[in-house]
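Participant: here is a sequence with its predicted model. Questions after.
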Amino acid sequence: MLALQGDFREHLAVLTGLGADAHPVRRASELGAADGLVIPGGESTVMDKLSRVFGLAGPLRAAIDAGLPVYGTCAGLILLADRIDGAAPGQQSIGGFDITVQRNAFGTQAESFEADLTIETLGAPPVHAVFIRAPVITAAGPAVEALATLGDGRIVAARQGNLLGTSFHPEMNGETRFHELFLDLVDTARERR
């Protein structure tokens, strides 16, 4: 669990509730012991800067390239994206996910909203998704699988190999199925080693 900034405590609660041995990661040495990583929602520009200050950006990208399962929600999705529309001046991403994301795609905090999403991979019932200053995926490479879209076709959840990302915050309303999917990716990656 990347614990530099954002709602990492909520993700830790979901993961430990599912029986995972989840710990905060703030340094590259802690990353080396992780079988998977969740990058939470928060402020993507702050997380980007802190990941570089703490020397995590390079090792995290190397771990992603080596197959580390990573799940990014909201700002975490932005950090995983190879390309950012509307990036703040100097903002970078860690990358690895062959997607373009548009930051704050729905506007300000006042335009935050909730929606029910039918996600075939997760089955019934629909996922009640909480969007807070959320990004959307505006372009995806051929290896990316769109898992959820809004009624207008914009992608809000996707997977590429060991990478999983959502524009919304399942950790905020008791929705555990994305975390369960992430833990399945971790188990599969562990078995392949």
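Facilitator: Cool, got the structure.

Participant: who's in contact with F106?
Facilitator: By C-beta atoms under 8 Å, 6 or more residues apart in numbering, F106 lies in contact with 112-113, 131, 133-134, 136. Where you see a C-beta, it was placed from the backbone N, CA and C, and this is true even at glycine.

Participant: how does it look with 10 Å?
Facilitator: Residues near F106 by C-beta atoms under 10 Å, 6 or more residues apart in numbering: 112-113, 131-136, 150, 154, 167.

Participant: quick check, nearest of these to G41?
Facilitator: Closest approach to G41 among the contacts of F106 (C-beta to C-beta): I132, at 7.0 Å.

Participant: any idea how many residues pack against the nearest residue to that closest one once chain neighbours are set aside?
Facilitator: The shortest distance from I132 to any non-neighbouring residue, by C-beta to C-beta, 6 or more residues apart in numbering, is to S112 (4.5 Å). Using other C-beta atoms under 10 Å, S112 has 14 other residues around it.

Participant: what do you get for V53?
Facilitator: Count around V53 with other C-beta under 10 Å applied: 10.

Participant: my read: the residue nearest to I132 touches A105, true?
Facilitator: No. Using C-beta atoms under 10 Å, S112 and A105 do not qualify as a contacting pair, with a distance of 11.6 Å.

Participant: next, P126: phi, psi?
Facilitator: phi -60, psi 150 (degrees, to the nearest 10).

Participant: residues contacting V127?
Facilitator: 115-119, 147-148, 156-157, 166, 168, 170, 173, 175, 177-178.

Participant: ditto for V144
Facilitator: Counted by C-beta under 10 Å, 6+ apart, V144 has contacts 97-99, 137, 155, 158-161, 163, 165.
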